[in-house]
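Q: One predicted model, sequence on top.
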Amino acid sequence: MIKLRSKRFCRGSFKHGGKGSDKAGTCGGLSEIKWELRPGGMLVQKRESEDSVGELITVRVSTLSQYHDISIEATSTFGELKMVLSLVSGLEPREQRLLFKGKEREDNEYLHMVGVRDKDKVFLLEDPAIKERKLHGLAGGTPCCTISV
């Protein structure tokens, strides 16, 4: 078994042992980065709070004309967010496109894994292909009146 010794890594630049570091576990007022070993053997930066996974977060979902504040678990997927949005927006989940940080997100992506936190913004667009099909379906339907000459 390998024993890991903890080393102090600080965000930002500082002079080792000089004025930038102090004995309180911070580096020039910046917090120390803590590490944890995951069950698969991967060394990763420790989460800020252990109870952050599974907690309710509020996501502001904006459309072109309005916004909705949705409370959802941080461990939910974008597909689950679409299902909740279908109740307030009137769009079916397959008609929705969700963008976060400028990228369209897939239904199976988890909110907390892509970095969605409390009070973050997600943009909702109607899928243009489905929107066009709706318009053609309405325009290509039976005529409302007939003209005979």
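A: Done, it's in.
Q: How many residues are close by residue 78?
A: Neighbours of residue 78 under the rule other CB atoms under 10 Å: 22. Backbone N, C-alpha and C define where each C-beta goes, glycine included.
Q: And the helices in this structure?
A: 78-89, 111-114, 128-139 (DSSP state H).
Q: And the strands in this structure?
A: Assigned by DSSP state E, the strands in the chain fall at 9-10, 26-27, 30-33, 35-37, 43-45, 56-62, 67-73, 96-100, 103-104, 121-126.
Q: Make a markdown table from these and add mean pLDDT, distance to residue 83 and mean neighbour count to it.
A: As requested, the strands of the chain are arranged in a markdown table below (pLDDT from 0 to 100; distance: least, CB to CB, whole Å; neighbours: other CB atoms under 10 Å):
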| stretch | mean pLDDT | distance to residue 83 | mean neighbour count |
| --- | --- | --- | --- |
| strand 9-10 | 52 | 41 | 14 |
| strand 26-27 | 54 | 43 | 18 |
| strand 30-33 | 68 | 37 | 14 |
| strand 35-37 | 75 | 33 | 12 |
| strand 43-45 | 79 | 30 | 10 |
| strand 56-62 | 94 | 13 | 16 |
| strand 67-73 | 92 | 10 | 14 |
| strand 96-100 | 95 | 10 | 19 |
| strand 103-104 | 94 | 17 | 10 |
| strand 121-126 | 94 | 13 | 17 |
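Q: Which one of those lies nearest to residue 80?
A: Ranking the strands of the chain by distance to residue 80, with CB to CB as the measure, places strand 67-73 first at 7.0 Å.
Q: and the angle from that closest one to strand 56-62?
A: Calculated by axes from the mean of the first three to the mean of the last three CA atoms, to 10 degrees, strand 67-73 forms an angle of 150 degrees with strand 56-62.
Q: ranking the helices of the chain by burial, who's on top?
A: Of all the helices of the chain, helix 78-89 has the most neighbours on average by mean count of other CB atoms under 10 Å, namely a mean of 17.
Q: what does it contact?
A: Identification of contacts with helix 78-89 by CB atoms under 8 Å, 6 or more residues apart in numbering yields 59, 61, 63, 68, 70, 72, 91-93, 96, 98, 100, 105-109, 111, 122, 124.
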